[in-house]
Structures are given as C-alpha cells and as structure tokens.
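> sequence and computational prediction follow.
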Amino acid sequence: MCFTKLKAALRWLTAFALSAASSSALADYTLNMPKGATDISGEVYGLHMLLFWVCVGIGIVVFSAMIVSIILHRRSRNPEPAKWHHNTTVEVIWTTIPFIILIVVAIPAARTLIKMEDFRQSDISIKVTGIQWKWKYDYLLHDENGQERGFGFYSTLDAESNRIRQTRSGLDPWSKENYLLEVDNPLVVPVGKKVRLLLTAADVIHAWWVPEFAVKKDAIPGYINEIWFRVTKPGIYRGQCAELCGRDHAFMPIVVHAVPEEEYEAWVREQQEKAGVLASADGEAAAAEPQEWNMEYAMRQGEKVYTQMCASCHMATGEGLAAAGYPALKGSAIATGDLAAHLDIVLHGKPNTAMMAFGGLMSDEDIAAVVTYERNAWGNDTGDLVEPSDIAAAR
Ligand code: HEC
Ligand SMILES: [Cu+2]
C-alpha cells in the first residue's frame, strides 16, 4: 500500500514539474530577492548581495582549511598526532578578522536602516487597516486650508480568484493570471513621491508586505506602525499579508498601482467626488448627490458590501460554512426575524466568535444596505427595507 502511495506521489511530482516547466510559472520563478522598484529596495538588495558574497568568501576559506587539514593530517599519514594546543597568534587572527568583517557590513546596513526609519517630509499619508481578510486604505488628505478631503475604501481578493479558490470549485487556478494576487480596489500611489503608510489592524495582527518595495511590517490592533516607500518606476506591484491571521490569511493580497503624478491627481479627484468631500464654489464641502433610498438601490449596494465584508465567512450563496462555524444567513432565524436582534449582531458582533462588531467599520448607509440585502436575498423574502436612520438609531 505504501508503495502505491509512493508511486502516486512520484507521478504527481512529475506531472507538477512538467506543468511548471511548460507554463510561465517557471519564467517567473526566481531564487533571489528582487532588486525592487524603490531606491531603498535597491540598497537592501545590494546589502543582501554584499553579505551573500562575504558568506561565500568565509565558506570557501573555512571549508578549504577544514578539507586541507582533514587530508593532510589524516591518521594513516600521521599516526602520532601533535600534542600542542593554544596558539595566540591564530586566535588573535580569527577573532580580529570576523570583527572587522562585522564592522564593514554594519556600517552600510545601519545607514540603510536609518533611511528606512526616516518618516520625515512624506508627501502622502495613508492609513492601512488589516481586517480579517481584507485591507482598508484611508487617504489622509487635506486641502490648503486644512479642510479634510480624505476618502477610504476596502481592498478585497478579486471575485474570480475567490470563485476559483473555493473547495471543489472545479475551476483551474492556472487559467487565472495573478491568481490570488489580484484585488478589486488597488492602492494607487504617485511615482516619485514619498508615501507613508500608517499600519494598524481591526481584529488580529496582520502584516503589510510588498517585496518590490522592501517593506514588511506588522499591522497590530490598537497600535500604529509606520513604513514608507518612494516608487521610482510606474507599474503594478503585488504583495500579501505576511502574518498568519486566520483561516483566509492567504486570501488578502495587496496590489499597488504606481502611476505618474497627473494620473494620481485625477484618480484622487474622482475618489473625492465619489466620497463627496470636494469643496464646492463657496468653499463648503459639497455633499454627494442625495441618493434616493429604495429597495432596488439598497439591494444593489447591499450585495456589493456583502461581497466585500461578509461573503468570506457567510459565503456568496448565504449558506455559510458549517464546518468552520460560520452560520447560514439564508433562512437564518436572525436574518429573517426580529430586526433589532439582527442589527444588534451586525453592529456589535458576538463576543468570542469570528462575528466581529461591524458598527465601527462601516457607514450607516452600508450597514442598512447589507442588512436589507441579507433580509431579502437567497429567498429570505422578508420585504424589509432598512433605512440608514434605523442604523443611526440602533448604534
Ligand atoms: C470572520 C467571519 C465572519 C464575517 C466576515 C462575518 N460574519 Fe457574521 N457571523 C460569523 C459567525 C462565526 C457567526 C455566528 C456567531 C454565533 O456564534 O452566534 C455569525 C453570525 C451572524 C449572524 C447571525 C446569524 C444566525 O442565524 O445566527 C448574522 C445576521 C451575521 N453574522 C451577519 C453578518 C454580516 C452582515 C456580515 C458582514 C457585514 C458578517 N456577518 C460577516 C462570522 C462572520
Ligand atoms: Cu492578514
């Protein structure tokens, strides 16, 4: 039986090697760390290579000495071993040389570290919040009068990767470019500007990591960490959460679009317009066009919010994932019963379960929309239209 298993494993390995060789995966496959897209990442790469060659040098010297002594002083050649021990000259040499090597590598390393920790004079600050299992980006923007003009959005695994990755989806991961490395809303930054990220988390510890920028730092609840980067080449850069943060840790990728400054400015304006934070002619923040609140709009908005915020646990079908303890919302007594109890669990969560308090994470409108959606989707036809004012009252 063991033998059959071994044969199966071998067959699988061969198939894997063949498919890897024939696909683009092999072309992308590299052993070394990337030179990256920022000056700092270039320096980090340089340091890494310097140390690598120092290690190679040390390896050659140490192993040569060892091999030579093993051969020259083998027992058959020297049945009578020499009796001396302790040689001050040799000991001084083998203490001094490593000491000098350490100093030589510490100087450039410290210089780069100091630069990495220098957050002064940044051009843009963005707050990054790790959430199970997505990222939230808040652009902390002000106009020249100090008026807040910021906006924020969630960045979640793209729908297609999400479909493919479901157990027994029957879909082929190789068919999707950048499988599990694509999001719906990427972080957009201008090339050549110093971008400072303020990292935190809403639930457990996550870590924001983009290898091409040589930045990786923990995002910790109740705590703010800083990182910065200045991208030199326009492009799309990808990364992942680098701190094991729960079941879907592998499904909260990071995508950064580094674009020329004008393109960034245009994008920011568009986001500000959408968020309704732009100044009108008289200097007051112009409110977004008031949206008429009706069933059709609430359901459309609710589905979007549900896909971003809830589907990772309760599933797109509303059927939940019993094996992981995520209840179905389809036909759920709470989602089809008393509205107050339903709002309570969504706003305040359920302590000591994965159902977190969404009240602090989402606007009245988004919560009203998603609750309306839950109460009417998947055959939960309660007909209830929840108003944003209901949420404000229930908070
Ligand atoms: C991280 C996983 C997770 C996410 C994301 C999540 N939930 Fe939950 N949810 C749970 C768990 C676990 C429970 C069961 C809690 C308990 O033990 O009662 C639950 C319970 C519920 C219930 C009660 C269902 C019932 O019949 O008991 C509702 C309603 C609900 N969630 C709505 C939502 C909404 C709306 C969202 C998105 C805004 C959401 N959940 C996001 C994990 C999650
Ligand atoms: Cu994470």
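All right, it came through fine. Ligands and ions are numbered 1, 2, ... in the order given.
> residue in the stretch 151-300 of the chain nearest to ligand 1?
Residue of the stretch 151-300 of the chain nearest ligand 1, by CB to the nearest ligand atom: Gly246 (7.5 Å). Every residue, glycine included, has its C-beta placed from N, CA and C.
> who touches that residue in this structure?
Gln132, Trp133, Val204, Ala354 (CB atoms under 8 Å, 6 or more residues apart in numbering).
> so it belongs to a helix, correct?
No. Counting by DSSP: H, G, I helix; E, B strand; the rest coil, Gly246 falls outside a helix, being coil.
> what about the residue of the stretch 1-150 of the chain found nearest ligand 1, neighbour count?
The minimum distance from the stretch 1-150 of the chain to ligand 1, using CB to the nearest ligand atom, falls at Gln132 (5.0 Å). Using other CB atoms under 10 Å, Gln132 has 20 neighbouring residues.
> correct me, but it touches Asp203?
Yes. Contact criterion CB atoms under 8 Å: Gln132 and Asp203 qualify, at 5.1 Å.
> between these two, which contacts overlap?
Going by CB under 8 Å, 6+ apart, residues that sit against Gln132 and also against Asp203 are Met356.
> buried residues in stretch 147-155?
Residues Arg149, Gly150, Phe151, Phe153, Tyr154, Ser155 are the ones in stretch 147-155 that count as buried (16 or more other CB atoms under 10 Å).
> would CSV of the residues you listed with secondary structure, pLDDT and distance to Lys176 be doable?
Shown next, in CSV, are the buried residues of stretch 147-155 (DSSP: H, G, I helix; E, B strand; the rest coil; pLDDT from 0 to 100; distance: CB to CB, whole Å):
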residue, secondary structure, pLDDT, distance to Lys176
Arg149, coil, 89, 36
Gly150, coil, 91, 33
Phe151, strand, 92, 29
Phe153, strand, 91, 23
Tyr154, strand, 91, 21
Ser155, strand, 92, 18
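> hmm, back to that, just the pLDDT for the residue of the stretch 1-150 of the chain closest to ligand 1.
Gln132 is assigned a predicted lDDT (pLDDT) of 88.
> and if you look at the one 5 residues further on?
At Tyr137, the predicted lDDT confidence score is 95.
> burial of Val68, as a residue count?
Residues lying near Val68 (other CB under 10 Å) number 10.
> right, I mislabeled it, should have said Thr38
The number of residues near Thr38, taken as other CB under 10 Å, comes to 23.
> show me what contacts it?
With CB under 8 Å, 6+ apart, Thr38 has these contacts: Glu212, Phe213, Ala214, Phe229, Arg230, Val231, Thr232.
> number of nearby residues for the closest residue in space to the fourth one that isn't next to it in sequence?
Read it as Phe229. Leaving aside its chain neighbours, Phe229 sits nearest to Phe213 (4.2 Å; criterion: CB to CB, 6 or more residues apart in numbering). By other CB under 10 Å, 27 other residues sit near Phe213.
> swap in Trp378?
By other CB under 10 Å, neighbour count at Trp378 equals 17.
> now do the helices in the chain.
2-22, 24-28, 39-72, 88-116, 159-165, 261-275, 295-309, 311-314, 333-336, 339-348, 364-376, 388-394 (DSSP state H).
> can you give me the pLDDT of the residue sitting furthest away from the middle of the chain?
Distance from the centre of the chain peaks at Glu80, with 63.2 Å (CA atoms, centre = their mean). With respect to pLDDT, Glu80 scores 87.
> measure it to Val90 for me?
22 Å (CB to CB, to the nearest Å).
> same question for Arg300.
Per CB to CB, Arg300 is found 79 Å from Val90.
> hmm, who's touching stretch 79-92?
By CB under 8 Å, 6+ apart, stretch 79-92 touches His73.
> chain center to it, what's the gap?
55 Å (CA atoms, centre = their mean, to the nearest Å).
> would you show me how to pick out the buried ones of the contacts of Gly246 in ChimeraX?
Burial among the contacts of Gly246 is assessed by 16+ other CB under 10 Å; the matching ChimeraX selection reads:
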select :132,133,204
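> just the contacts of Gly246: which are in strands?
Nothing among those maps onto strands, per DSSP state E.
> enumerate the residues of the stretch 251-395 of the chain near ligand 1.
309-310, 312-314, 325-327, 329, 332-335, 342, 345-346, 350, 353-355, 358, 370, 374 (CB under 6 Å from any ligand atom).
> and Asn225, what does it touch?
Going by CB under 8 Å, 6+ apart, Asn225 touches Leu198, Leu199, Thr200, Lys217, Asp218, Ala219.
> for the stretch 151-300 of the chain, which residues score under the pLDDT cut-off?
The model of the stretch 151-300 of the chain has pLDDT under 70 over residues 279-290.
> hmm, try it at 80
By pLDDT under 80, the weakly predicted segments of the stretch 151-300 of the chain are 167-168, 278-291.
> so where do the strands sit in it?
Using DSSP state E, counting those that start in this stretch, the strands of the stretch 151-300 of the chain run over residues 151-155, 187-190, 195-201, 206-210, 215-219, 225-229, 235-241, 254-259.
> same for the shortest one, what does it pack against?
When contacts are defined as 3 or more CB pairs under 8 Å, 6 or more residues apart in numbering; DSSP states H and E, strand 187-190 sits against strand 124-131, strand 254-259, helix 261-275.
> okay, buried residues for the longest one please.
For helix 261-275, the buried set under the neighbour-count rule, 16+ other CB under 10 Å, comprises Tyr264, Val268, Gln271, Gln272, Ala275.
> surely the second one is in contact with Tyr139?
Yes. The pair Val268 and Tyr139 passes the contact test of CB under 8 Å, sitting 7.2 Å apart.
> from the contacts of Gly246, which is closest to Asn178?
Distance to Asn178 across those (CB to CB) is lowest for Trp133, with 17.6 Å.
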